[in-house]
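**Student:** Sequence plus the predicted model coming up.
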Amino acid sequence: MKITESAREQIGAQLAAAAAQALTEDLASQPRALLVVSGGSTPLPFLRRLAEQPVAWSRVDVTLADERWVHEDHPDSNARLVRETLLTGRAVAATFHSLTTTDSTPEQGAATVAARLATLPWPASLVVLGMGNDGHTASLFPDSGELSLALSTDDSVVAVRAPSVPQPRITLSAARLHDARRHALHLVGDAKKAVLAQALSGDDVRELPIRAFLTCPLTLYWAP
Ligand SMILES: O=C(O)[C@H](O)[C@@H](O)[C@H](O)[C@H](O)COP(=O)(O)O
């Protein structure tokens, strides 16, 4: 295994252990606990390792930070990614709450998804965020016309369209993503490390939306 792959496996294992600890800590004082994870390619080692952690998974709710508005068996579906990586092994007992409906568009489905999310045990035990090289996180994209709304609304979800992505998206709003006891930012590669450094050196959230989460306590999980 190449050094970078090993480092990325190790950081995924570290984040998995931290996520399991967060869930177990909260389950000591509440009947259910909520985990919010991001999609994309970075989380795979983390999600696979987390699936084997000794957590009371039957008392855990899992949802996504954002989703592509595609059917759950579509290759780009984050729900498919979670079902294939996290909701296996011990974690098969967890309850997954998707961010899509049978509506044709996220605009049509947003109210149904918001009602679904309202039943979950907020604040989340942990929100795991990723980041794109454009500084987006979840589906808070710099080139999206809905970015200002997603950064300011009290609604829990926002339908999003952006030239930089092929499909319409639905994203948890910044307010909902902030509604957590703990936040983790999971990145790999030097390019994203440089974007994070740029984000830390400025304050224009619309330029680099990850900035909306750099003022709250956040644990960084980065590997080369
Ligand atoms: O739906 C998604 O794609 C994610 O939620 C998104 O916000 C992701 O975290 C970044 O785009 C990084 O993706 P990679 O891990 O693939 O680089």
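**Tutor:** Thanks, I have the structure now.

**Student:** Only the buried residues of the one helix or strand residue 192 maps to, if you could.
**Tutor:** Assigned by DSSP states H and E, residue 192 belongs to helix 190-200. Applying a neighbour-count criterion of 16 or more other Cβ atoms under 10 Å, one finds 192, 195-196, 199 buried in helix 190-200. For the C-beta atoms, the positions are set from N, CA and C on the backbone; glycine is no exception.

**Student:** Ok, stretch 82-91 next?
**Tutor:** Buried residues in stretch 82-91, defined by neighbour count with 16+ other Cβ under 10 Å: 82-83, 85-87, 91.

**Student:** any idea of the mean pLDDT for it?
**Tutor:** Averaged over stretch 82-91, pLDDT sits at 98.

**Student:** Quickly check: it near the ligand or not.
**Tutor:** No. Counting by Cβ under 6 Å from any ligand atom, the ligand has no neighbours in stretch 82-91; the shortest distance is 10.9 Å.

**Student:** Could you point out the longest helix of the chain?
**Tutor:** Criterion DSSP state H: the longest helix present in the chain is helix 3-27.

**Student:** which residues are in contact with it?
**Tutor:** Helix 3-27 has contacts (Cβ atoms under 8 Å, 6 or more residues apart in numbering) with 1, 33, 35, 43-50, 53-56, 59-60, 125-126, 128, 181-182, 184, 186, 188, 219, 221-224.

**Student:** go again using 6 Å as the cut-off
**Tutor:** By Cβ atoms under 6 Å, 6 or more residues apart in numbering, the list of residues contacting helix 3-27 from outside reads 33, 45-46, 49-50, 53, 55-56, 59-60, 125-126, 182, 184, 186, 188, 221, 223-224.

**Student:** Stretch 74-89 now?
**Tutor:** 39, 44, 47-48, 50-52, 64, 67-68, 70, 72, 96, 98.

**Student:** picking that back up, emit the PyMOL select command for whichever of the contacts of helix 3-27 are buried.
**Tutor:** In PyMOL syntax, the buried subset of the contacts of helix 3-27 is picked out as below (16+ other Cβ under 10 Å):
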select buried, resi 33+45+46+49+50+53+55+59+60+125+126+182+184+186+188+221+223
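
**Student:** So which of the contacts of helix 3-27 sit within strands?
**Tutor:** The strands, defined by DSSP state E, take in 33, 60, 126, 184, 186, 188, 221, 223 from the contacts of helix 3-27.

**Student:** ok, back up a step: between the contacts of stretch 74-89, which is nearest residue 161?
**Tutor:** Distance to residue 161, by Cβ to Cβ, is smallest for residue 68 among the contacts of stretch 74-89, at 11.5 Å.

**Student:** I'd like to know how many residues surround the closest one.
**Tutor:** 24 (other Cβ atoms under 10 Å).

**Student:** That one and residue 180, how far apart?
**Tutor:** 22 Å (Cβ to Cβ, to the nearest Å).

**Student:** do residue 127 as well
**Tutor:** 4 Å.

**Student:** what about the two, which has more around it?
**Tutor:** Neighbour comparison, residue 127 and residue 180: the larger count goes to residue 127, with 29 against 22 (by other Cβ under 10 Å).

**Student:** Quick one: residues contacting that one.
**Tutor:** 36, 177, 180, 183.
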